[in-house]
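Colleague: What shape does this take:
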Amino acid sequence: MATLAERMVGAARLDAGTYEEVEADTGATGQAALVVIISSICLAIGARLGAGPLGLVMMSVFRLIGWYVWALVTYLIGARLMPTAQTRADVGQLLRTLGFASTPGVLAIFAVIPGLGSAINVVVGIWMLVAMVIAVRQALDYDNTARAVGVVVIGFVIYLAVAALAGIVIAGLGGAPAPAPVTP
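Modeller: Next up, the predicted model:
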(Lines give C-alpha, C1' and ligand atoms only; values in the text may rest on other atoms or scores of the structure.)
Protein backbone atom coordinates (compact mmCIF):
# COMPACT_ATOMS: atom_id res chain seq x y z
CA MET A 1 0.00 0.00 0.00
CA ALA A 2 1.30 3.43 -0.96
CA THR A 3 1.86 6.28 1.47
CA LEU A 4 -0.22 9.44 1.42
CA ALA A 5 2.58 11.31 -0.36
CA GLU A 6 2.97 8.56 -2.98
CA ARG A 7 -0.76 8.56 -3.60
CA MET A 8 -0.80 12.35 -3.95
CA VAL A 9 2.05 12.22 -6.47
CA GLY A 10 0.24 9.46 -8.40
CA ALA A 11 -3.01 11.43 -8.35
CA ALA A 12 -1.23 14.57 -9.55
CA ARG A 13 0.40 12.55 -12.34
CA LEU A 14 -3.14 11.52 -13.33
CA ASP A 15 -2.19 7.87 -12.87
CA ALA A 16 -5.32 5.74 -13.26
CA GLY A 17 -3.74 3.01 -11.11
CA THR A 18 -3.48 5.41 -8.16
CA TYR A 19 -7.17 6.26 -8.47
CA GLU A 20 -8.00 2.53 -8.64
CA GLU A 21 -5.93 1.96 -5.50
CA VAL A 22 -7.67 4.64 -3.43
CA GLU A 23 -11.05 3.58 -4.78
CA ALA A 24 -10.49 0.07 -3.43
CA ASP A 25 -8.93 1.11 -0.10
CA THR A 26 -11.82 1.79 2.27
CA GLY A 27 -9.30 3.04 4.83
CA ALA A 28 -8.20 5.87 2.51
CA THR A 29 -11.24 8.10 3.08
CA GLY A 30 -9.46 9.95 5.89
CA GLN A 31 -6.44 10.45 3.63
CA ALA A 32 -8.70 11.81 0.90
CA ALA A 33 -10.24 14.27 3.39
CA LEU A 34 -6.74 15.35 4.43
CA VAL A 35 -5.84 15.98 0.77
CA VAL A 36 -8.95 18.17 0.43
CA ILE A 37 -7.95 20.12 3.56
CA ILE A 38 -4.33 20.60 2.45
CA SER A 39 -5.43 21.58 -1.04
CA SER A 40 -8.02 24.06 0.23
CA ILE A 41 -5.48 25.75 2.50
CA CYS A 42 -3.03 26.08 -0.40
CA LEU A 43 -5.79 27.38 -2.68
CA ALA A 44 -6.76 29.98 -0.06
CA ILE A 45 -3.17 31.11 0.42
CA GLY A 46 -2.62 31.25 -3.34
CA ALA A 47 -5.81 33.27 -3.80
CA ARG A 48 -4.47 35.73 -1.21
CA LEU A 49 -7.77 35.82 0.60
CA GLY A 50 -6.09 37.51 3.53
CA ALA A 51 -8.71 36.14 5.89
CA GLY A 52 -6.13 34.83 8.34
CA PRO A 53 -6.26 31.50 10.14
CA LEU A 54 -10.04 31.64 10.61
CA GLY A 55 -10.51 32.18 6.88
CA LEU A 56 -8.32 29.16 6.12
CA VAL A 57 -10.33 27.03 8.53
CA MET A 58 -13.62 28.24 7.06
CA MET A 59 -12.46 27.60 3.50
CA SER A 60 -11.34 24.11 4.50
CA VAL A 61 -14.71 23.39 6.09
CA PHE A 62 -16.59 24.66 3.04
CA ARG A 63 -14.36 22.63 0.72
CA LEU A 64 -14.91 19.50 2.81
CA ILE A 65 -18.65 20.04 2.58
CA GLY A 66 -18.31 20.76 -1.14
CA TRP A 67 -16.25 17.60 -1.63
CA TYR A 68 -18.95 15.54 0.05
CA VAL A 69 -21.77 17.21 -1.92
CA TRP A 70 -19.80 16.82 -5.15
CA ALA A 71 -19.32 13.10 -4.44
CA LEU A 72 -23.03 12.62 -3.70
CA VAL A 73 -24.09 14.48 -6.84
CA THR A 74 -21.52 12.60 -8.91
CA TYR A 75 -22.70 9.31 -7.47
CA LEU A 76 -26.33 10.06 -8.29
CA ILE A 77 -25.54 11.21 -11.82
CA GLY A 78 -22.85 8.68 -12.66
CA ALA A 79 -24.03 5.54 -10.86
CA ARG A 80 -27.79 6.06 -11.00
CA LEU A 81 -28.58 8.20 -14.07
CA MET A 82 -25.68 7.38 -16.40
CA PRO A 83 -24.31 3.97 -15.37
CA THR A 84 -22.78 1.48 -17.74
CA ALA A 85 -23.15 -2.29 -17.47
CA GLN A 86 -19.88 -2.49 -15.50
CA THR A 87 -20.58 0.43 -13.12
CA ARG A 88 -20.26 -0.79 -9.54
CA ALA A 89 -19.62 2.05 -7.13
CA ASP A 90 -20.57 3.51 -3.80
CA VAL A 91 -20.28 7.03 -2.40
CA GLY A 92 -17.12 6.12 -0.46
CA GLN A 93 -15.29 5.22 -3.65
CA LEU A 94 -16.15 8.61 -5.12
CA LEU A 95 -15.19 10.39 -1.90
CA ARG A 96 -11.76 8.80 -2.01
CA THR A 97 -11.06 9.33 -5.72
CA LEU A 98 -12.45 12.88 -5.80
CA GLY A 99 -10.51 13.73 -2.64
CA PHE A 100 -7.24 12.70 -4.26
CA ALA A 101 -8.27 14.57 -7.42
CA SER A 102 -7.85 17.72 -5.30
CA THR A 103 -4.10 17.10 -5.12
CA PRO A 104 -3.12 19.60 -7.85
CA GLY A 105 -4.68 22.32 -5.68
CA VAL A 106 -1.62 22.09 -3.44
CA LEU A 107 0.36 23.83 -6.18
CA ALA A 108 -1.99 26.83 -6.00
CA ILE A 109 0.14 28.07 -3.11
CA PHE A 110 2.60 29.25 -5.77
CA ALA A 111 -0.03 31.69 -7.06
CA VAL A 112 1.38 34.16 -4.52
CA ILE A 113 4.32 34.69 -6.91
CA PRO A 114 3.81 38.16 -8.43
CA GLY A 115 2.91 38.06 -12.09
CA LEU A 116 2.24 34.31 -12.14
CA GLY A 117 -0.79 34.02 -9.86
CA SER A 118 -3.51 34.05 -12.51
CA ALA A 119 -1.68 31.63 -14.79
CA ILE A 120 -0.99 29.23 -11.93
CA ASN A 121 -4.63 29.35 -10.83
CA VAL A 122 -5.84 28.58 -14.36
CA VAL A 123 -3.41 25.67 -14.75
CA VAL A 124 -4.30 24.27 -11.32
CA GLY A 125 -8.04 24.60 -12.00
CA ILE A 126 -7.80 22.76 -15.31
CA TRP A 127 -5.50 20.13 -13.78
CA MET A 128 -8.00 19.51 -10.97
CA LEU A 129 -10.88 19.13 -13.44
CA VAL A 130 -8.89 16.64 -15.52
CA ALA A 131 -8.04 14.74 -12.32
CA MET A 132 -11.74 14.70 -11.42
CA VAL A 133 -12.61 13.21 -14.80
CA ILE A 134 -10.06 10.44 -14.26
CA ALA A 135 -11.30 9.91 -10.69
CA VAL A 136 -14.89 9.58 -11.90
CA ARG A 137 -13.90 7.29 -14.78
CA GLN A 138 -12.04 4.97 -12.42
CA ALA A 139 -14.52 5.03 -9.53
CA LEU A 140 -17.52 4.41 -11.78
CA ASP A 141 -15.69 1.84 -13.91
CA TYR A 142 -16.41 3.67 -17.16
CA ASP A 143 -14.67 2.35 -20.24
CA ASN A 144 -14.56 5.76 -21.93
CA THR A 145 -13.58 9.21 -20.81
CA ALA A 146 -16.42 11.04 -22.59
CA ARG A 147 -19.01 9.66 -20.16
CA ALA A 148 -16.85 10.74 -17.21
CA VAL A 149 -16.51 14.24 -18.71
CA GLY A 150 -20.30 14.43 -19.01
CA VAL A 151 -20.79 13.39 -15.38
CA VAL A 152 -18.20 15.92 -14.17
CA VAL A 153 -19.69 18.77 -16.24
CA ILE A 154 -23.28 18.04 -15.15
CA GLY A 155 -22.15 17.60 -11.54
CA PHE A 156 -20.14 20.82 -11.66
CA VAL A 157 -23.12 22.84 -12.90
CA ILE A 158 -25.35 21.39 -10.17
CA TYR A 159 -22.62 21.95 -7.57
CA LEU A 160 -22.23 25.61 -8.61
CA ALA A 161 -25.99 26.13 -8.34
CA VAL A 162 -26.08 24.58 -4.86
CA ALA A 163 -23.00 26.56 -3.76
CA ALA A 164 -24.51 29.83 -5.05
CA LEU A 165 -27.78 29.12 -3.27
CA ALA A 166 -25.93 28.28 -0.05
CA GLY A 167 -23.93 31.50 -0.40
CA ILE A 168 -27.11 33.52 -0.81
CA VAL A 169 -28.66 31.87 2.25
CA ILE A 170 -25.52 32.35 4.35
CA ALA A 171 -25.20 35.97 3.25
CA GLY A 172 -28.84 36.57 4.08
CA LEU A 173 -28.35 35.17 7.56
CA GLY A 174 -25.22 37.19 8.27
CA GLY A 175 -25.85 40.30 6.23
CA ALA A 176 -22.51 39.86 4.45
CA PRO A 177 -22.03 39.55 0.68
CA ALA A 178 -22.38 36.02 -0.69
CA PRO A 179 -19.05 34.21 -1.05
CA ALA A 180 -18.05 32.96 -4.48
CA PRO A 181 -18.41 29.19 -4.92
CA VAL A 182 -15.18 27.23 -4.50
CA THR A 183 -14.34 24.42 -6.90
CA PRO A 184 -14.12 21.12 -5.04
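Colleague: So what's the residue count around residue 68?
Modeller: 18 (other C-beta atoms under 10 Å). For the C-beta atoms, the positions are set from N, CA and C on the backbone; glycine is no exception.
Colleague: nope, residue 24 is what I was after
Modeller: Counted with other C-beta under 10 Å, residue 24 comes out at 12.
Colleague: Per-residue confidence, it, what does it come out as?
Modeller: Per-residue confidence (pLDDT) for residue 24: 96.
Colleague: Looking at stretch 134-151 now, give me its mean pLDDT.
Modeller: Stretch 134-151 comes out at a mean pLDDT of 96.
Colleague: In stretch 18-36, which residues are buried?
Modeller: Buried residues in stretch 18-36, counted by 16 or more other C-beta atoms under 10 Å: 18-19, 21-23, 25, 28-29, 31-33, 35-36.
Colleague: For my notes, please list the residues you listed in a markdown table and give distance to residue 70 for each entry.
Modeller: What follows is the buried residues of stretch 18-36, written out as a markdown table (distance: C-beta to C-beta, whole Å):
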| residue | distance to residue 70 |
| --- | --- |
| 18 | 19 |
| 19 | 15 |
| 21 | 21 |
| 22 | 16 |
| 23 | 16 |
| 25 | 20 |
| 28 | 17 |
| 29 | 14 |
| 31 | 17 |
| 32 | 12 |
| 33 | 13 |
| 35 | 14 |
| 36 | 10 |
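Colleague: Adding distance to residue 140 and secondary structure, write the residues you listed out as JSON lines.
Modeller: JSON lines is the format used below for these (distance: C-beta to C-beta, whole Å; DSSP: H, G, I helix; E, B strand; the rest coil):
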{"residue": "18", "distance to residue 140": "16", "secondary structure": "helix"}
{"residue": "19", "distance to residue 140": "11", "secondary structure": "helix"}
{"residue": "21", "distance to residue 140": "16", "secondary structure": "helix"}
{"residue": "22", "distance to residue 140": "14", "secondary structure": "helix"}
{"residue": "23", "distance to residue 140": "9", "secondary structure": "helix"}
{"residue": "25", "distance to residue 140": "17", "secondary structure": "coil"}
{"residue": "28", "distance to residue 140": "17", "secondary structure": "helix"}
{"residue": "29", "distance to residue 140": "17", "secondary structure": "helix"}
{"residue": "31", "distance to residue 140": "20", "secondary structure": "helix"}
{"residue": "32", "distance to residue 140": "16", "secondary structure": "helix"}
{"residue": "33", "distance to residue 140": "20", "secondary structure": "helix"}
{"residue": "35", "distance to residue 140": "20", "secondary structure": "helix"}
{"residue": "36", "distance to residue 140": "20", "secondary structure": "helix"}
